[in-house]
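# coords please:
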Amino acid sequence: LGPGVLTHGGVIFNPGGLVGVWAEENSRPSIFDALRRREVFGTSGTRLSVRFFGGWNLPADLCDDPQMLETAYAQGAPMGGALASQPAGAAAPTFVVAALRDPGTAVRPGTPLQRLQVIKGWLENGEAHQQVYDVAGDPNNGASVDELTCETRGSGNDALCAVWTDPAFNPSQPAFYYVRAVENPTCRWSTYVCNAPSTEPRPDACNAPAVPKTIQERAWSSPIWYEGQ
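Next up, the predicted model:
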């Protein structure tokens, strides 16, 4: 990319994202089966990966279980699915969310993860509501980026995992839950272009207040649905 792409309209848009599909094997039938059951996630362009399961009796120590995926599939529903009917004695659904950072390359390593969030949505009195819960990592980990050199600073995580129970569950209220995995801050693509050496004058967009210098790349899962009682 060169300075010529930084037109007023072009700089506002981000490059295309990516879609991840959790299929049993890399074959067309298996991939289409995963798409039909909506066991997929999207990213803003980074290559991190996310797993998300919901159930009524998922173990609290599931993140430490070497057989985590086997247990989660056996006892819960994966992203894109629906929770089973609430069993007797179960107070609220429990979710396990896990993410791995983008490994990157030797030339350009991937960015560490900052935090995992569960987003809950529901309808109440005909109005849509949303609540965001930080469930792993630290939104105040001090990570930052030098806007002039795009050098990143601060701590982060190669992997994050959490088992979380909805603290405001209402069994009579339909709801959905999905996961967002957020990386540490990095330079936005336009900042790399604006910082690159050039004999041409810097485009006006490089100094536009409306264009952010940094970004936090992310991934988001398909939701898990609760139909209510």
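# the worst-scoring helix or strand of the chain on mean pLDDT: what's the following helix or strand?
Counting by mean pLDDT, DSSP states H and E, the chain has its least confident helix or strand at helix 189-195, which shows a mean of 90. Later in the chain than helix 189-195, the nearest helix or strand by DSSP states H and E is strand 214-215.
# partners of that next one, with directions?
Using DSSP bridges, the strands paired with strand 214-215 are strand 186-187 (antiparallel).
# give me the contact list for the partner strand.
Thr111, Val145, Glu147, Cys150, Thr152, Asn195, Lys213, Thr214, Ile215, Gln216, Glu217 (Cβ atoms under 8 Å, 6 or more residues apart in numbering). Bear in mind the C-beta positions are built from the backbone N, C-alpha and C, glycine included.
# what about this structure, any weak spots by pLDDT?
Within the chain, the stretches with pLDDT under 70 are 1-9, 199.
# show me the contacts for Pro93.
Per Cβ under 8 Å, 6+ apart, neighbours of Pro93: Gly54, Gly55, Trp56, Leu83, Gln86, Thr165, Asp166, Phe169, Tyr177, Tyr226.
# identify the farthest-apart pair in those residues.
Using Cβ to Cβ, the two most remote members of the contacts of Pro93 are Gln86 and Tyr177, lying 14.6 Å apart.
# okay, those two: which has more neighbours?
Neighbour count, other Cβ atoms under 10 Å: between Gln86 and Tyr177, Tyr177 has more, with 25 against 16.
# what are the phi and psi values at the residue lying closest to Gln75 once chain neighbours are set aside?
For Gln75, ignoring the flanking residues on the chain, the nearest one in space by Cβ to Cβ, 6 or more residues apart in numbering is Gly55 at 5.0 Å. Note on Gly55: its backbone torsions stand at phi -170, psi -180 [degrees, to the nearest 10].
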